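**Q** Sequence plus the predicted model coming up.
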Amino acid sequence: MTTPTLPARSDFPQDFLLGVATSAYQIEGHAQGGAGQTHWDTFAATGNNVTRAENGALACDHLNRWEDDLDLIRDLGADIYRFSLSWARIMPEGRGAVNKAGLDFYDRLIDGMLARGLRPAATLYHWELPSALADQGGWVNGDMPNWFADYTDLVMARLGDRLWSVAPINEPWCVSWLSHFEGHHAPGLRDIRAAARAMHHVLSSHGRAIEVMRARGMRNLGAVCNFEAALPADGSPASKAATARYDAIYNQFFLSGLFHGRYPDLVLEGLEQHLPQNYQDDFAHITAPLDWLGLNYYTCKRLSAGCGIWPNYQGVEGPLPKTQMGWEIYPEGLHHFLTHTAKTYTGDLPLYVTENGMANDDTPDQPDVARITYLDAHMRACLRAIEDGAPLKGYIAWSLMDNYEWAFGYEKRFGLVHVDFDSLQRQPKASYHALAQGWRAG
Ligand code: IFM
């Protein structure tokens, strides 16, 4: 495999921003610093949910090594550091008492970013729900938007003055559908009613958080959704119909709620009976105006008809080269979502790629050429989307360093920096150096 030369900063428009992303539970070491227990701790402690039952108790020990990690981001030549705050670190029970050490940690972390010339791009929720809220049904509970609004207000009173951007919730599809219908993520439910309610409450919580932050005069507020190119496994009408349903649930439901104030008919046909009564009333805050939209993109999915019960689809293995996750590499999908989203939902609203990257079975002594090739193809898809008129303003790679990949534990490596999970030593990979060459210049 020959190593491509990655697009450089100078290949993008002048004001284009580059960055890397992580999330709290995946890197911090959640058993430290007074954080409360989360539903990921108990999900991981339940057999067969997570590879080797691994959890985020120590992870990359970023809580104690954050200064070195920020140095790595600065030396990469990044403009943005997209990170997340753990609700359970800040409010161990989700409501009420505050863990001062938690807020102090984020305070120092944000000052550390600013001192290094990095723009802090915060996410308020990247999946570590406090167990005390999970006990009350978590995202299925209609009080979640109020609890989330209170948490948002508390955080912003302390930190809001120094954040470059904020998105309330990372990847609503994962928080709701993947976790409450497919059962792959905490809380591991497989229940259509729970999924419908979680999908709606996630959006309602997003909207309430935006309102809270606007009331504080905050700017540069957005949303981050994930997308997967939905492709029929074959030319049959049944596969095409299955693909349309998958696409509506995954790629259209959340954007339609946020930007059109309604849910797609193809989703309502299965979920409307399970949504909360008068759910339409909540569109008044769900559609609160945003300053940008973030798109997380990794792969495509091939679909055919499934078990016959709505939504009646199943994934089928595809022919393209795959990452360590078994995900097909399909950069055309990123071009599609950037151009299609602008045309259908967001118009001139600035778009950011807020996550993109690949898991690879890296060892510290082998250059990760596969990752460089993946990043190259996807950054070139971004350049084509810009040429085709998409208002794309930045690209953020996932992830700064190898970390806790949820149900896959520490086995899947997404990092630009290798982490030895015994010594916790960091070692930049070839992809880090390849990006730095183009990002640091001019
Ligand atoms: O690691 C995750 C991240 O937490 C959310 N987006 C997808 C990544 C890779 O699976």
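**A** Perfect, thanks for sending it.
**Q** same for the longest helix seen in the chain, what does it pack against?
**A** Identified as the longest helix of the chain according to DSSP state H is helix 192-215. When contacts are defined as 3 or more Cβ pairs under 8 Å, 6 or more residues apart in numbering; DSSP states H and E, helix 192-215 sits against helix 144-159, strand 165-169, helix 172-173, helix 179-180, helix 253-255, helix 265-271, helix 283-286. Glycine gets a C-beta too; all of them are placed from N, C-alpha and C.
**Q** so how far is the first one from its chain's centroid?
**A** Helix 144-159 has its average C-alpha position 20 Å from the chain's average C-alpha position, going by Cα atoms, centre = their mean, to the nearest Å.
**Q** related to what we said a few turns ago, now the angle from the longest helix of the chain to strand 165-169?
**A** 160 degrees (axes from the mean of the first three to the mean of the last three Cα atoms, to 10 degrees).
**Q** Just send the helices and strands packed on helix 192-215 back as CSV, with mean pLDDT and distance to the ligand too.
**A** Shown next, in CSV, are the helices and strands packed on helix 192-215 (pLDDT from 0 to 100; distance: least, Cβ to the nearest ligand atom, whole Å):
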stretch, mean pLDDT, distance to the ligand
helix 144-159, 98, 19
strand 165-169, 99, 12
helix 172-173, 99, 10
helix 179-180, 98, 12
helix 253-255, 99, 14
helix 265-271, 98, 22
helix 283-286, 98, 22
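**Q** Going by neighbour count, list what's buried in the longest helix of the chain.
**A** Under the neighbour-count criterion of 16 or more other Cβ atoms under 10 Å, helix 192-215 has 192, 194-213 buried.
**Q** Using PDB, write out the CA atom coordinates for stretch 144-158.
**A** This file holds the C-alpha atoms of stretch 144-158, laid out as PDB (Å, rounded to 0.1, in the frame of the first residue of the first chain):
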ATOM      1  CA  MET A 144     -35.100  14.100  31.300                       C
ATOM      2  CA  PRO A 145     -35.400  17.500  29.400                       C
ATOM      3  CA  ASN A 146     -35.800  19.300  32.700                       C
ATOM      4  CA  TRP A 147     -32.900  17.500  34.400                       C
ATOM      5  CA  PHE A 148     -30.700  18.100  31.300                       C
ATOM      6  CA  ALA A 149     -31.600  21.800  31.300                       C
ATOM      7  CA  ASP A 150     -30.600  22.100  35.000                       C
ATOM      8  CA  TYR A 151     -27.300  20.400  34.300                       C
ATOM      9  CA  THR A 152     -26.700  22.600  31.300                       C
ATOM     10  CA  ASP A 153     -27.400  25.800  33.300                       C
ATOM     11  CA  LEU A 154     -25.100  24.700  36.100                       C
ATOM     12  CA  VAL A 155     -22.200  23.900  33.800                       C
ATOM     13  CA  MET A 156     -22.600  27.100  31.800                       C
ATOM     14  CA  ALA A 157     -22.700  29.300  34.900                       C
ATOM     15  CA  ARG A 158     -19.100  28.200  35.500                       C
END
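**Q** which residues are contacting it?
**A** Contact with stretch 144-158 is made by 85, 87, 90-91, 94-95, 98, 103, 106-107, 124-125, 133, 138, 166, 168, 201, 204-205, 207-209, 211-213, 216, 218, 282, as judged by Cβ atoms under 8 Å, 6 or more residues apart in numbering.
**Q** ditto for stretch 408-415
**A** 50-54, 324-325, 357-362, 398-405, 421, 429.
**Q** contacts with the ligand among those, please.
**A** Residues of those in contact with the ligand (Cβ under 6 Å from any ligand atom): Trp398, Glu405.
**Q** Show me the contacts of stretch 408-415 that map onto strands.
**A** In strands, judged by DSSP state E, the following of those are found: Trp398.
**Q** Report the buried members of the contacts of stretch 408-415.
**A** When these are checked for burial by 16+ other Cβ under 10 Å, the buried set is 50, 54, 324, 357-360, 362, 398-405, 421, 429.
**Q** Which positions in the stretch 101-250 of the chain make contact with the ligand?
**A** Contacts of the stretch 101-250 of the chain with the ligand, taken as Cβ under 6 Å from any ligand atom, map to Glu171.
**Q** Looking at the stretch 101-250 of the chain, what residue ends up closest to the ligand?
**A** Residue nearest to the ligand within the stretch 101-250 of the chain: Glu171 (5.7 Å; Cβ to the nearest ligand atom).
**Q** Which SSE is immediately downstream of the strand ranked longest in the chain?
**A** Among the segments of the chain that qualify as a strand by DSSP E, the longest is strand 292-304. Next along the chain after strand 292-304, taking DSSP states H and E as the criterion, comes strand 314-316.
**Q** What pairs with that following strand, parallel or antiparallel?
**A** Take DSSP bridges as the rule and strand 314-316 pairs in its sheet with strand 292-304 (antiparallel).
**Q** does the partner strand come close to the ligand?
**A** Yes: using Cβ under 6 Å from any ligand atom, strand 292-304 reaches the ligand at Asn296.
**Q** quick check: mean pLDDT across that strand?
**A** The average pLDDT within strand 292-304 is 99.
**Q** any idea how far that strand is from the chain center?
**A** Worked out by Cα atoms, centre = their mean, strand 292-304 lies 11 Å from the chain centre.
**Q** same thing with stretch 206-219?
**A** The chain centre lies 20 Å from the centre of stretch 206-219; the measure is Cα atoms, centre = their mean.
**Q** Please save the CA atoms from stretch 249-257 in PDB.
**A** Provided in PDB are the C-alpha atoms of stretch 249-257 (Å, rounded to 0.1, in the frame of the first residue of the first chain):
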ATOM      1  CA  ILE A 249     -34.700   6.200  11.200                       C
ATOM      2  CA  TYR A 250     -30.900   6.800  11.100                       C
ATOM      3  CA  ASN A 251     -30.400   9.700   8.800                       C
ATOM      4  CA  GLN A 252     -33.600  11.700   8.600                       C
ATOM      5  CA  PHE A 253     -35.500  11.400  12.000                       C
ATOM      6  CA  PHE A 254     -33.300  13.700  14.000                       C
ATOM      7  CA  LEU A 255     -32.600  16.300  11.200                       C
ATOM      8  CA  SER A 256     -36.200  16.400  10.400                       C
ATOM      9  CA  GLY A 257     -37.100  17.100  14.000                       C
END
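**Q** If anything else comes up later, I'll come back, but that's it for now.
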